[in-house]
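Chemist: Provided below are the primary sequence and the corresponding predicted coordinates.
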Amino acid sequence: MENDESVLRRKLEMVCGVPLFWSTVEEWAQVESFQARPDDLLISTYPKSGVAQLDKMPSPRLAKTHLPVQLLPDSFWENNCKIIYVARNAKDVAVSYYHFYQMAKMHPEPGTWDEFLEKFVTGEVAFGSWYDHVKGWWEKRKDKPILYLFYEDMKEDPKREIQKVLQFLGKDLKEDVVNKILHHTSFQEMQKNPTANYKMVPKAQMDHSVSPFMRKGTAGDWKNHFTVAQNEAFDSDYKEKMKGSTLQFRTEI
């Protein structure tokens, strides 16, 4: 990737009303025509929602996406592929995404925290509205083989959540294997793993001195960033946008 403004910090482009990276839009025909196989496993999240913890799970071919449900290639639905969706509370996602925008220069300039939070709330960030994303996948689970997990639950009791994944995949692993998975998918281990922490990406593209790709991995860090006024405004807007949904999140554990 070239280190210049023609490639880095470019504006997002729209696909069916969803803002995406220019590079994704250029290859959109290939994305749309992707041919899933019936035994593929798809892991889907809104960005900065903790998907890396599932990477080492036993599976057939593994695909990952941040796409909202309406933009997923049709072949996944046609082949009835199993999908694991991981959702994280909006406030922590906003904070984590802000730091990611700062260090990962494929994003547009994030501006100040206050400016970025406004963009997040209005869905003017890569992959669009968090609210639409989590609600869309939540509704889709009613008629498709989707296991919907929560980041906060994974932090609280990772073994319990791994057992949910194993049951969903029809896998029965010995206790020692499960414990190895727990160890290697812990935040501390993943943070040290060069295949997970993106430390091999050139600094011109991802500046880890600004913020590491895997920053804290906690639930509740939003309290260190939101002002009282921001929190009140966010809560009011959140209540309106999530009205009518049975989807509920914990903002701390």
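Modeler: Done, it's in.

Chemist: For the one helix or strand residue 30 maps to, which outside residues touch it?
Modeler: For residue 30, the element it lies in under DSSP states H and E is helix 28-32. Residues from elsewhere that reach helix 28-32 (CB atoms under 8 Å, 6 or more residues apart in numbering): 15, 24, 67, 73, 74. Glycine gets a C-beta too; all of them are placed from N, C-alpha and C.

Chemist: Just list whatever residues bridge to the first one.
Modeler: This points to residue 15. residue 18 (DSSP bridges).

Chemist: what two of the contacts of helix 28-32 have the greatest distance between them?
Modeler: 24 and 74 (17.3 Å; CB to CB).

Chemist: Settle it for me: which of those two has more neighbours?
Modeler: When residue 24 and residue 74 are compared on other CB atoms under 10 Å, the one with more neighbours turns out to be residue 24, at 19 against 12.

Chemist: From residue 15, how far off is that one?
Modeler: 8 Å (CB to CB, to the nearest Å).

Chemist: Run through the helices of the protein in chain order.
Modeler: For the chain, the helices defined by DSSP state H cover 22-26, 28-32, 74-78, 90-103, 113-122, 130-140, 151-156, 158-169, 175-184, 187-192, 228-241.

Chemist: could those helices go into JSON lines alongside mean pLDDT and distance to residue 60?
Modeler: Converted to JSON lines, the helices of the chain look like this (pLDDT from 0 to 100; distance: least, CB to CB, whole Å):
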{"stretch": "helix 22-26", "mean pLDDT": "94", "distance to residue 60": "25"}
{"stretch": "helix 28-32", "mean pLDDT": "94", "distance to residue 60": "21"}
{"stretch": "helix 74-78", "mean pLDDT": "96", "distance to residue 60": "14"}
{"stretch": "helix 90-103", "mean pLDDT": "94", "distance to residue 60": "29"}
{"stretch": "helix 113-122", "mean pLDDT": "98", "distance to residue 60": "35"}
{"stretch": "helix 130-140", "mean pLDDT": "98", "distance to residue 60": "21"}
{"stretch": "helix 151-156", "mean pLDDT": "93", "distance to residue 60": "22"}
{"stretch": "helix 158-169", "mean pLDDT": "94", "distance to residue 60": "9"}
{"stretch": "helix 175-184", "mean pLDDT": "90", "distance to residue 60": "17"}
{"stretch": "helix 187-192", "mean pLDDT": "73", "distance to residue 60": "22"}
{"stretch": "helix 228-241", "mean pLDDT": "98", "distance to residue 60": "36"}
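
Chemist: Could you identify which of those is most buried?
Modeler: The highest average neighbour count among these, using mean count of other CB atoms under 10 Å, belongs to helix 90-103 at a mean of 23.

Chemist: Provide the angle between the direction of it and the direction of helix 113-122.
Modeler: Helix 90-103 runs at 120 degrees relative to helix 113-122, counting by axes from the mean of the first three to the mean of the last three CA atoms, to 10 degrees.
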